[in-house]
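Q: could you work out the structure for the sequence below:
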Amino acid sequence: MFSNDRKTVGVFLEKASGEFQKVLCEGITKTAQRLGYNIAVFNAFGRYGDNERHFSGDQMIYDLAPWEELDGVILALDTMDDPLSKRKITNKVKRYCHCPVVSVREMIDGANNLLVKNTTCMEGMVKHFIEHHGFTKLCFMTGPQSHWDAVERLQCFENVMENYGLAVGEHQKFYGDYWFNMGKEACDWFLIGQEQPEAILCANDNMAQAVASELIGRGYHIPEDICVSGYDGLIDCVGFSPTLSTMEVPFFDMGIKAMEVIHEKQEKPEDTEDIYFQAQTVLRESCGCMKRSGKDVLMKKRKIFEEGKTAHNREVQLDYLSINLGDSDSIEQVAKWLAYYQYNIQGLSNYAVCFCENIFNEEKITEYTDRMVMRIAFKERVEMGELEVVFDRKELIPELFSDEKPQCWYFAPLHFQDNCYGYEAFNFSKPEQMGNLYFRWNINIGNKIHDMLVEYKMQSLILELEEMYDKDALTGMYNRRGWENKGKLLFARAKKEKKTIFLAVIDLDSMKQINDNYGHHEGDFALKKVTEAIDALSNEQQISARTGGDEFVVMAKGITEEEGKAFLHRLEQYLETFNASGEKTYEIHASCGYVCRVPKEEETIETYTKESDGVMYQNKVINKVRRGEMLR
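A: Modelled structure (predicted):
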C-alpha cells in the first residue's frame, strides 16, 4: 500500500475538517511518523438533507479501503450522523479485519475503546459552580436520551449534586440534540419556575452556545444573571462572546494513544482494553473566571479571526471555481482550474483525482473498479500535466507518489448522487495542517464530472442519430445523404489543395437474377459481400458509400491513378477468391468505372460521379458478354 513497505493504519471518520477530527488526526499522524506507519484517512462528508442517493454515493468511500490489508483500524464513529454509516463500517471491520482496532469516544465490542469517563467528566465544572461560586440552583442540558454518553453525563451531574446534598428537580434537566437547534426549548424549560437558575451546564459546547445565545436574546447578562458552561473544549467557545467555560477533552492525546495501542498490539490484536481520559476544567467569561485564562483566550481569538478571514475568502474562491469549471469541457481544463484554486486548501502538498476505469463508457458505476486511473495530480503543488496513470486500487495512490518515509493521505469520495466516479487523494505538508477537506470543493468536482458525462452521452446520442441518418442500415456504409455530406467536403479539400481525386463507381452485377433465383436474402448477402470487400481493401483516407440499390462509390484524395487501379484489381480478386470457395452456388461480380485527376475549378463531385458511372456501364456490358448471361 502507498507503494512502500510500511504498515498502514486506516482511520474512518466524517467531516475531516471538524476540530475534533483534525486534532485527533494530528495526534495519530505525528505518532505514526514516529513509529514508522502509513496513515490512510477515509473521509465522508455525511448526510446532507434528505437525498438518499447522494448519501449512498458519499458512503462509497468506505468501500475503497483495502480492509483485509490494513495493519490497524481507528474509528471515530461519533463523527458520523447516520447509524447506517456506523453499521457499515463496524460490519466491515468484523468481517474483514484481523488487526488491532481502536474506537475513539464510542464503545464497540471487540475493540480497544478510548473513552472519556462520562461518569465523572462533568465533576470539575459542577464542583466549580458549587464550591467557588456558592451556587445551589444548577441546571443541566444533556444530549439525546438515546445516546449512552448523554445519559452518563446527566448521571454524573446528578451524582455530584447529590453528594453536595442538592436536589435535582424536573425542570433542572433537559435532553437536547448535541447541536444548536434546541437552545430556545431548553431555556423555556429551565426558566419555567419561580426560581431562576444560577448556572446552566451543557453536555457539549454546541448546546452551550445555543443556550447562551438564547439567554442573551431574552435580555439576560452572562455571567451576571446566569452562568453557562459547555463540554469538549472546541475553539468556537473562544469565538463566542462571552467566551464559554468548558470541560476540555484531550483530543490530541487520544490520537497519540490510539496509534500507540495499534503499535503495541500488532502481535496480539485480540487483546483489547478500555482506556479512559479525563476532561479538564477550563474557566472563562461565562462563569466569571476569565482572568485565569486570558492569554490563552486572546491567542485563540486571534486564530479564530485569521481562520475566519481565510474561510470567507475560500467561500468566494470556491464560487469562482464553480463558475470556471462550468466553462471546462475536458479533464485537462478541470485540472487547470483546480491547480489555479488549490491554494485554498491550506497545507496541501500533494493531490490526485483518481477515476474509475471507463467512466465515459459505462452507463452507471456503483462501486470502485479494481483498476483506477489517475487523470489529475499535483506534486508539491505543481500540476503534473496530462496524465492517464492506471494502477491497482489497493495501492490507493500510484507509484509516482511513492516515498519510503511514512505517508499520510486523506481520501474523499468523488460522485454525483449514487454514481461512483472515483475519489480525491490529499496529502498535507504538516500534521497540524491535516484534514482541510471542503465539501464545496469536492461537490464542485463531482458535479462537473457529471456534467461532462451527460454532455459526452448527449454527443454520443447525436452521433448515433447522425449515423442513423447518414449510414445504410444493411451494409453500415454511408448512404446517399452521408455520401453527399462527407464526399463533398473531401472533394472541396482536394480542389483547394490541388490534390488528385480518385472516384470509382462499383455496381453489383446480376443483382436481379440473384434475387429472382435465390431470394432477396441472398441478394442482401451479395451486397454485404461487396461491402466486405471494399471495407477490407480501404484505408482511413477513403470514403465509401452505397448510393443505390446495387451501386457503390469509393473516393480517395491524393492517390495516383495506378494506386486507384490497383485497388479495383484487388477488389476483383477478393470476389474471385470468394467465388472459388464454392460457398454459394452463384458467383458475385461487380463492374467498375473510375476517374482520377486534380479537380478543375468548375468541376464538382457530380461531374466525377457521372463520368465514372458512364465508364462503369460500358464495363458492365463488356463483363456480361465475357461471362455470358447464365449464372454459374
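Q: could you confirm residue 543 falls within a strand?
A: Yes. Applying DSSP: H, G, I helix; E, B strand; the rest coil, one finds residue 543 inside a strand.
Q: residues in contact with it?
A: 478, 483, 486-487, 490, 554-556 (CB atoms under 8 Å, 6 or more residues apart in numbering). Quick note: C-beta positions are derived from backbone N, CA and C, even for glycine.
Q: mind checking which of those residues are in helices?
A: 483, 486-487, 490 (DSSP state H).
Q: may I see the buried residues of whichever helix or strand residue 87 is part of?
A: Following DSSP states H and E, the helix or strand that holds residue 87 is helix 83-96. Neighbour counts over helix 83-96 (16 or more other CB atoms under 10 Å) mark 85-86, 88-90, 92-93 as buried.
Q: any idea how many residues pack against the nearest residue to residue 265 once chain neighbours are set aside?
A: Once flanking residues are discounted, residue 265 sits nearest to residue 100: 4.1 Å by CB to CB, 6 or more residues apart in numbering. Applying other CB atoms under 10 Å, we find 26 residues neighbouring residue 100.
Q: I'd say residue 100 and residue 110 touch.
A: No. With contacts counted by CB atoms under 8 Å, residue 100 stays clear of residue 110, the gap being 10.9 Å.
Q: now the helix holding residue 87 - C-alpha only, PDB.
A: Output of helix 83-96 as PDB, limited to C-alpha atoms (Å, rounded to 0.1, in the frame of the first residue of the first chain):
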ATOM      1  CA  PRO A  83     -26.400   4.900  12.100                       C
ATOM      2  CA  LEU A  84     -26.100   3.400   8.700                       C
ATOM      3  CA  SER A  85     -22.500   4.700   8.400                       C
ATOM      4  CA  LYS A  86     -21.500   3.300  11.700                       C
ATOM      5  CA  ARG A  87     -23.200  -0.100  10.900                       C
ATOM      6  CA  LYS A  88     -21.500  -0.300   7.500                       C
ATOM      7  CA  ILE A  89     -18.000   0.300   9.000                       C
ATOM      8  CA  THR A  90     -18.400  -1.900  12.000                       C
ATOM      9  CA  ASN A  91     -19.700  -4.800   9.800                       C
ATOM     10  CA  LYS A  92     -16.600  -4.500   7.500                       C
ATOM     11  CA  VAL A  93     -14.300  -4.400  10.500                       C
ATOM     12  CA  LYS A  94     -15.800  -7.600  11.900                       C
ATOM     13  CA  ARG A  95     -15.900  -9.400   8.600                       C
ATOM     14  CA  TYR A  96     -12.500  -8.400   7.100                       C
END
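Q: the residue lying closest to residue 80 once chain neighbours are set aside bridge partners, please.
A: Excluding its sequence neighbours, the residue lying closest to residue 80 (CB to CB, 6+ apart) is residue 14, at 4.7 Å. On the basis of DSSP bridges, residue 14 is bridged to residue 44.
Q: okay, residue 14: pLDDT?
A: Residue 14 carries a pLDDT value of 96.
Q: I'd like the distance between it and residue 144.
A: For residue 14, the distance to residue 144 equals 18 Å [CB to CB, to the nearest Å].
Q: ok, which stretches of the stretch 1-150 of the chain are helices?
A: 19-35, 52-59, 61-64, 83-96, 123-127, 148-163 (DSSP state H, counting those that start in this stretch).
Q: in CSV, list these along with distance to residue 459 and mean pLDDT.
A: Compiled in CSV, the helices of the stretch 1-150 of the chain are given as follows (distance: least, CB to CB, whole Å; pLDDT from 0 to 100):
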stretch, distance to residue 459, mean pLDDT
helix 19-35, 41, 96
helix 52-59, 24, 93
helix 61-64, 30, 96
helix 83-96, 37, 92
helix 123-127, 63, 96
helix 148-163, 54, 94
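Q: of all these, which lies closest to residue 341?
A: helix 19-35 (21.2 Å; CB to CB).
Q: which residues sit against that closest one?
A: By CB under 8 Å, 6+ apart, the residues outside helix 19-35 that reach it are 9, 11, 13-16, 38-39, 41, 74, 76, 79, 104, 232, 234-236, 251-260, 263, 405-406, 408, 431-432, 434-435.
Q: give the contact list for the closest residue to residue 290 other than its chain neighbours.
A: Using CB to CB, 6+ apart and skipping residues adjacent in sequence, the residue nearest residue 290 is residue 284, 5.5 Å away. When contacts are counted by CB under 8 Å, 6+ apart, residue 284 is found next to 237-238, 242-246, 290, 293, 297.
Q: quick check: which of these has the minimum pLDDT.
A: When the contacts of residue 284 are compared, residue 293 shows the smallest pLDDT, 50.
Q: can you map out the helices along the stretch 451-600 of the chain?
A: Under DSSP H, counting those that start in this stretch, the stretch 451-600 of the chain gives helices at 480-497, 511-518, 520-537, 561-581.
Q: output these in CSV, with distance to residue 548, mean neighbour count and mean pLDDT appended to each entry.
A: Shown next, in CSV, are those (distance: least, CB to CB, whole Å; neighbours: other CB atoms under 10 Å; pLDDT from 0 to 100):
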stretch, distance to residue 548, mean neighbour count, mean pLDDT
helix 480-497, 8, 16, 92
helix 511-518, 10, 15, 92
helix 520-537, 11, 17, 94
helix 561-581, 18, 15, 95
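Q: so which of the ones you listed comes closest to residue 328?
A: helix 480-497 (29.5 Å).
Q: counting by contacts, list what the closest one packs against.
A: Under the contact definition 3 or more CB pairs under 8 Å, 6 or more residues apart in numbering; DSSP states H and E, helix 480-497 sits against helix 439-470, strand 501-508, strand 542-546, strand 551-557, helix 605-627.
Q: for the ones you listed, which one sits closest to residue 377?
A: Using CB to CB, those put helix 439-470 closest to residue 377, at 13.7 Å.
Q: quick one, that closest one and strand 542-546 angle?
A: Computed by axes from the mean of the first three to the mean of the last three CA atoms, to 10 degrees, the angle separating helix 439-470 from strand 542-546 equals 60 degrees.
Q: relative to the whole chain's centre, how far out is helix 439-470?
A: For helix 439-470, the separation from the chain centroid amounts to 17 Å (computed by CA atoms, centre = their mean, to the nearest Å).
Q: let's have the chain start at 341 instead
A: Sure, I'll start numbering at 341, so the last one becomes helix 779-810.
Q: partner strands of the regular element (helix or strand) spanning residue 713, parallel or antiparallel?
A: Secondary structure assignment for residue 713, by DSSP H and E: strand 711-719. Take DSSP bridges as the rule and strand 711-719 pairs in its sheet with strand 688-696 (antiparallel), strand 722-723 (antiparallel), strand 729-732 (antiparallel).
Q: mind listing what's buried along the last one?
A: This means strand 729-732. Neighbour counts over strand 729-732 (16+ other CB under 10 Å) mark 729, 731 as buried.
Q: next SSE after that strand?
A: Strand 729-732 is succeeded, C-terminally, by strand 748-756 (DSSP H and E).
Q: now that next one: mean pLDDT?
A: 96.
Q: what helices or strands is the helix or strand following that strand leaning on?
A: Downstream of strand 748-756, the next assigned helix or strand under DSSP H and E is strand 759-768. Contact analysis of strand 759-768 by 3+ CB pairs under 8 Å, 6+ apart lists strand 688-696, strand 748-756, helix 779-810 as its packing neighbours.
Q: of the contacts of residue 883, which is the nearest to residue 782?
A: Nearest to residue 782 among the contacts of residue 883, with distances taken as CB to CB, is residue 826, at 43.9 Å.
Q: any idea how far that closest one lies from residue 819?
A: Taken as CB to CB, the span from residue 826 to residue 819 is 11 Å.
Q: again, but for residue 838
A: Relative to residue 819, and taking CB to CB, residue 838 is found at 30 Å.
Q: same check, this time on residue 467
A: From residue 467 to residue 819 the distance is 91 Å (CB to CB).
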